[in-house]
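Asker: next input, structure requested:
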Amino acid sequence: MLARQRQAAILERVRATGGVRVTELAAEFGVSDMTVRRDLEALHERGLLAKVHGGATVPGAGSTDEPGFRAKSVRQLPEKAAIAARAAALVPPGSAVALSAGTTTAELARRLVDVPGLTVVTNSLPVAEILHAGGRPDQTVVLTGGVRTPSDALVGPLAVTAIRSLHLDLLFLGVHGIGERAGFTTPNLMEAETDRALVAAADRLVVLADHTKWGTVGLCSIVELSAADVLVTDDRLAPEGRRVLGERVGELVLVRPGRPAREGTTE
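Answerer: Numbering: from 1, shown residues only. Next up, the predicted model:
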């Protein structure tokens, strides 16, 4: 296959699925990772896709843009892994926790498979699938039901009604963006309502968000910054973000990708 043909096929895949991984493309086309990276760079220079760590996604849009789960799953992978590892250390065995939809909460779910006696409530199809695949007989997974969004969240009246009957120890909330005035945001109106129900049902709110979320503002606010008991992010957070969040959230935890999970600093 000629480079131009391969690039056309890659672009078609990105537009159809929202995101691609370098390793998957290399295996599919029978070429090296480096060849795929050159193809992605050529398409990126033409403004046809956005390069991210380990792959590529469709170019970003405005406050109503809602990338699919697959597209978001190739972004900031080392940061998400470090954030999830630190968050897992906050979960005691036998507790009742909720995980909202998102790729960082899905990373957390992979680590919660090892925690005994958990009851996990989620409106995320990928999170439920990960925990189900873990096969722990001492864990209970509760899927809220609802209408499916592009990010594989279940939202709407069915989800909200189910959540309002619950009492949870911890909520781990993934967000689309964080703004000084807007607070924690999402581009999806129904997802915001569902997330607010999760916040109301939990004794403590832990927000999981990598540094790229600072300054990104979705269409709809979920809760204000001061509602977060803990915010776990990575140490590439901008100085202004550190200042504002350090003043507003209960505890700001900064993790460094590649370091042990418990070495996050608190500000």
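Asker: where in the stretch 1-150 of the chain is pLDDT low?
Answerer: 16-18, 58-76 (pLDDT under 70).
Asker: mind listing the strands for it?
Answerer: 19-21, 50-52, 55-57, 96-99, 119-122, 140-143, 147-148 (DSSP state E, counting those that start in this stretch).
Asker: domains in this structure, as residue ranges please.
Answerer: 3-59, 77-266 (automatic domain parsing).
Asker: give me whichever of those domains is most buried.
Answerer: Most buried of the domains of the chain by mean neighbour count (mean count of other CB atoms under 10 Å) is domain 77-266; its value is a mean of 20. C-beta: built from backbone N, CA, C; applies to glycine.
Asker: what ranges does this protein have for its helices?
Answerer: 3-17, 22-29, 33-45, 69-72, 77-88, 103-112, 125-134, 157-164, 189-201, 239-248 (DSSP state H).
Asker: ok, which of the ones you listed comes nearest residue 151?
Answerer: helix 69-72 (5.3 Å; CB to CB).
Asker: look up how far residue 176 lies from residue 207.
Answerer: Distance of residue 207 to residue 176, computed by CB to CB, to the nearest Å: 12 Å.
Asker: ignore what I typed, I meant residue 10.
Answerer: 26 Å.
Asker: and what of residue 24?
Answerer: In terms of CB to CB, residue 24 sits 25 Å off from residue 176.
Asker: who wins for proximity to residue 148 among the helices of the chain?
Answerer: helix 125-134 (7.1 Å).
Asker: quick one: that closest one to helix 103-112, angle?
Answerer: 10 degrees (axes from the mean of the first three to the mean of the last three CA atoms, to 10 degrees).
Asker: chain center to helix 125-134: distance?
Answerer: 15 Å (CA atoms, centre = their mean, to the nearest Å).
Asker: circling back: quick one: closest of the strands of the stretch 1-150 of the chain to residue 199.
Answerer: Set against residue 199 and scored by CB to CB, those come closest in strand 96-99, at 9.3 Å.
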